[in-house]
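J.: next come a sequence and a model predicted from it.
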Amino acid sequence: MPFINIYFLVFGALTIAGGIMGYVKAGSLASLLAGGIAGALLLFGGLQLSPGNRPILIGLGIVSAALAGRFLPAFLKGGSFMPAGLMASLAVVGLVLVIAAFLQGPK
């Protein structure tokens, strides 16, 4: 399995875990729903991604951008690595991987 697939599977699992943690620690149903949905989309994308599958890459890029847009400002403002810094880092790396896969093109 290519690295990009493994990365998005791990990213998806951590996103779901983060949503569950947000619900357990703060009682945030929004965290549970958002983490569950975003994580499921990342897991699906990680499982379905194959060389040249641009629609899946676009979807992974959109989810990564949305997560970066949510967590990067929170990390920069608060400076706390958990959970904002971790999620921001994962999302930015996800965006870099998506862009690199687009530039590389189908094999």
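T.: Looks like it came in fine. Treat the numbers as computed from the prediction; the structure is a model and nothing was measured.

J.: so Ala68 sits right up against Val92, yeah?
T.: Yes. In this structure Ala68 lies within contact range of Val92 using Cβ atoms under 8 Å: 5.6 Å. Placement of C-beta: from N, CA and C, glycine included.

J.: who has more neighbours, those two?
T.: Shown here are Ala68 and Val92; by other Cβ atoms under 10 Å, Ala68 has more neighbours (20 against 16).

J.: what's that one in contact with, if anything?
T.: Ala88, Ala91, Val92, Gly94, Leu95 (Cβ atoms under 8 Å, 6 or more residues apart in numbering).

J.: and the gap between the first one and Ala34?
T.: What it means is Ala88. Ala88 sits 15 Å away from Ala34, going by Cβ to Cβ, to the nearest Å.

J.: neighbour-wise, which of these two wins?
T.: Taking other Cβ under 10 Å, Ala88 and Ala34 do not tie; Ala88 has more neighbours (21 against 18).

J.: mind listing what's buried in the helix or strand containing Phe71?
T.: Using DSSP states H and E, Phe71 sits in helix 54-78. Using 16 or more other Cβ atoms under 10 Å as the burial criterion, the residues of helix 54-78 that qualify are Ile56, Leu57, Gly59, Leu60, Gly61, Val63, Ser64, Leu67, Ala68, Phe71, Leu72, Phe75.
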